[in-house]
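# give the three-dimensional model of this entry:
(one chain, ligands or ions: 1)
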Amino acid sequence: TYILQNQDLVRKEDAYVHIDDRGYYFGDGIYEVIRVYHGQAFASWHHIKRFIASAKKLDMNLPYTEAKLNELIDLLLHKNKLTDGLIYLQMTRGIEPRNHLYSRESTPVLTGFTQPFTRNHVVQTKGINAWLTDDIRWLRCDIKTINLLGNVMAKREATDNKCQEALMHRDGTITEGSSSNLFLVKNNVLYTHPATNLILNGITRQLVIELAQTHQYKVIEEPFPVDVLIHADEAFITSTTMEITPITSINGQVQTTYSIGPVTKDLQTKFHDTLPKN
Ligand code: PLP
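Numbering: from 1, shown residues only. The predicted structure follows:
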């Protein structure tokens, strides 16, 4: 398997990380995960645009155009002969002796790898258990940074409690999952947290909102308190890897169950129809 290292494709054994990489000392970097279906990168322009937006928000140099990033992603996926899987793309601020203060002169380090992955049909049809916990993250969750300790700790806590995803709330307002966005359904209306600094505006979230509206569903992007979980008819999470995954129970600070309802199923079918086919 080959790794993208800056603009080169190198064998994994030959890939190299510098000890003074700011990503290593400070988690000073950004990333994207892109899904590949039947050899085609899905929604790659959305991901590339968000990657560039994350770099801007962190005042990082970006020595690549959108077109160049797209070309590098394509090269990597063809070199690795990936048909169904994920492309991981990361860029750290660069290599400098450890110092909180970054210079604006360092050259960013770009890394990319691919990984085979296919849909888990059982999870998509049977749903998952979610664990509700505190959102302990910083106030710039809109930036897709590799600094993911709040998310990582929530995920461990969820798994230790036999749940497959953590849902987080900030002072009683539900934000999102540890690596997904949350949607609730009540009387055929969809509810999700607005795309503010408190969540990552998921590409799947954006595509699902668009898809739902195209099919005459009403979508309300407003913050809601944890108690609303108890009153929802259906709940699901969205992400590049999980697509639209139903939630069948909430555990922990709030406890409730859902059946996998008609709106979730309808959107799952419609979403699958938009994916690259053979
Ligand atoms: N929210 C967080 C915190 C995430 O880490 C992710 C993806 O990893 C998402 C939401 C979903 O984003 P996307 O649909 O772009 O994969």
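
# secondary structure class of the residue in the chain sticking out farthest from the centre, three-state.
Distance to the chain centre peaks in the chain at P97, reaching 30.7 Å (criterion: Cα atoms, centre = their mean). Using DSSP: H, G, I helix; E, B strand; the rest coil, the three-state assignment for P97 comes out as coil.

# cool, S249 as well?
Three-state assignment for S249 (three-state DSSP): strand.

# repeat that for E13.
Secondary structure state of E13, per three-state DSSP, is helix.

# for the residue farthest from the centre of the chain, what are its contacts?
Going by Cβ atoms under 8 Å, 6 or more residues apart in numbering, P97 touches D20. All C-beta atoms are positioned from the backbone trio N, CA, C, and that covers glycine.

# what pLDDT is listed against it?
Looking at P97, its pLDDT reads 97.

# how far away is it from G29?
Distance, P97 to G29, using Cβ to Cβ, to the nearest Å: 17 Å.

# again with P262
With distances taken as Cβ to Cβ, P262 is found 42 Å from G29.

# more neighbours: which of these two?
Neighbour count, other Cβ atoms under 10 Å: between P262 and G29, G29 has more, with 26 against 12.

# and the closest residue in space to D20 that isn't next to it in sequence, what are its bridge partners?
Leaving aside its sequence neighbours, D20 sits nearest to I95 (Cβ to Cβ, 6 or more residues apart in numbering; 4.9 Å). With DSSP bridges applied, the residues forming beta bridges to I95 are D21.

# how about I95, what does it touch?
So I95 contacts H18, D20, D21, R22, S106, T107, V109 (Cβ under 8 Å, 6+ apart).

# tally of neighbours for the third one?
In other words, D21. Using other Cβ under 10 Å, D21 has 20 other residues around it.

# where's it relative to the ligand, distance?
22 Å (Cβ to the nearest ligand atom, to the nearest Å).

# what pLDDT is listed against that residue?
Note on D21: pLDDT of 98.

# next one: the one 3 residues further on
At Y24 the predicted local confidence, pLDDT, stands at 97.

# before we move on, what about N278?
Reading off the confidence values, N278 has pLDDT 75.

# what's the distance between the nearest residue to it once chain neighbours are set aside and F51?
Among residues not flanking N278 along the chain, H38 sits closest, at 5.2 Å (Cβ to Cβ, 6+ apart). Remark: distance between H38 and F51 (Cβ to Cβ) = 23 Å.

# indicate each strand paired with the one helix or strand T111 maps to and its parallel or antiparallel sense.
According to DSSP states H and E, T111 maps onto strand 109-116. Strand 109-116 has the following strand partners under DSSP bridges: strand 2-5 (antiparallel), strand 85-92 (antiparallel).

# buried ones in stretch 270-278?
F271 (16 or more other Cβ atoms under 10 Å).

# contacts for that stretch, please.
Outside stretch 270-278, the residues touching it (Cβ under 8 Å, 6+ apart) are Y37, H38, Q40, F42, L207, V208, L211, H215, E243, I244.

# narrow those residues to those in strands?
Using DSSP state E, the members of these that fall in strands are Y37, Q40, E243, I244.

# name the nearest residue to the second one, sequence neighbours excluded.
Right, Q40. P276 (4.0 Å).

# for the stretch 151-278 of the chain, which residues are neighbours of the ligand?
Counting by Cβ under 6 Å from any ligand atom, the stretch 151-278 of the chain comes close to the ligand at 151, 176, 179-181, 200, 202-205, 238-240.

# let me have those in CSV, adding secondary structure and pLDDT as columns.
Shown next, in CSV, are these (DSSP: H, G, I helix; E, B strand; the rest coil; pLDDT from 0 to 100):
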residue, secondary structure, pLDDT
N151, helix, 98
E176, strand, 98
S179, coil, 98
S180, coil, 98
N181, strand, 99
L200, coil, 98
G202, coil, 98
I203, helix, 98
T204, helix, 98
R205, helix, 98
T238, strand, 98
S239, strand, 98
T240, coil, 98
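
# residues of the stretch 1-150 of the chain that sit close to the ligand?
V33.

# mind listing the helices for the stretch 1-150 of the chain?
Taking DSSP state H, counting those that start in this stretch as the criterion, the stretch 1-150 of the chain contains helices spanning 22-26, 44-57, 66-79, 121-126, 149-160.
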